[in-house]
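1. Following is a predicted model, sequence given first.
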Amino acid sequence: MTATTAPVRLAPGRWTTDPGRTEASFRVGNLGRTVRGTVQVTSGELDVDDAGRPVAVRAVLDLGTVATGHPRRDADLRRPGLLDAEGHPAMTFECGAVRVVPGGWCADGRLGLRGTTCPLPVTGGVQDDSTADRVHVVGTATLDRTAAGIRAPRLLIGRTVTVTVDAWLTPPGRVSGGSATPAAS
């Protein structure tokens, strides 16, 4: 599965994530090793203009679903000193400026985490396995955790976290099950 290299024109309107086929994953250094995990994407939208170009992106991730395969570490990550999943249960991404870059797009947006926001560019594009009724996009970002207010000794947790969202988008006028939605009057 690879990103397409030619500019892709999408149907205008608001594309939405198919929650059953969309996931976020992350990688971060931990005590000299790489820890991998997942976070559930609860919603996502991609707005496309009349020329078929993406112009805005929004996503919400549920921090209560952080999973690394190690229950104690997962509980530690959710605590107030790190992700603060109880006080701020969602991580958000919003962008109103998407630009074309080689192989896809760059969404220069803002990440909302722990009651603060910080800039976060996400690069990605449409994957070759997209279909007529779904578009498969993958976007990746590198977060400096200190910009989001997450403080921990660098020896324990690496300063940068790589986040990848692998999303299947449903076109405007369709629901994730594939049937047409009624037209607005």
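-> Nice, thanks for sending it over.
2. In contact with the most centrally placed residue in the chain: list those residues for me.
-> The centroid of the chain falls nearest to Val165 when counting by C-alpha atoms, centre = their mean (4.1 Å). Contacts here follow C-beta atoms under 8 Å, 6 or more residues apart in numbering; on that basis Val165 touches Thr22, Glu23, Ala24, Val41, Gly44, Ala59, Val122, Gly124, Val138, Gly139, Thr140. C-beta coordinates here come from the backbone N, C-alpha and C atoms, glycine included.
3. Can you tell me the number of residues neighbouring the spatially closest residue to Leu143 that is not a sequence neighbour?
-> The shortest distance from Leu143 to any non-neighbouring residue, by C-beta to C-beta, 6 or more residues apart in numbering, is to Val161 (4.7 Å). Around Val161 there are 19 other residues, counting by other C-beta atoms under 10 Å.
4. now do Glu86
-> Counted by other C-beta under 10 Å, the residues lying close to Glu86 total 11.
5. Thought Pro80 was touching it, still the case?
-> Yes - assessed by C-beta atoms under 8 Å, Glu86 is found in contact with Pro80 at 7.3 Å.
6. Point out where this structure drops to low pLDDT.
-> Applying pLDDT under 70 to the chain picks out residues 1-8, 153-155, 175-185.
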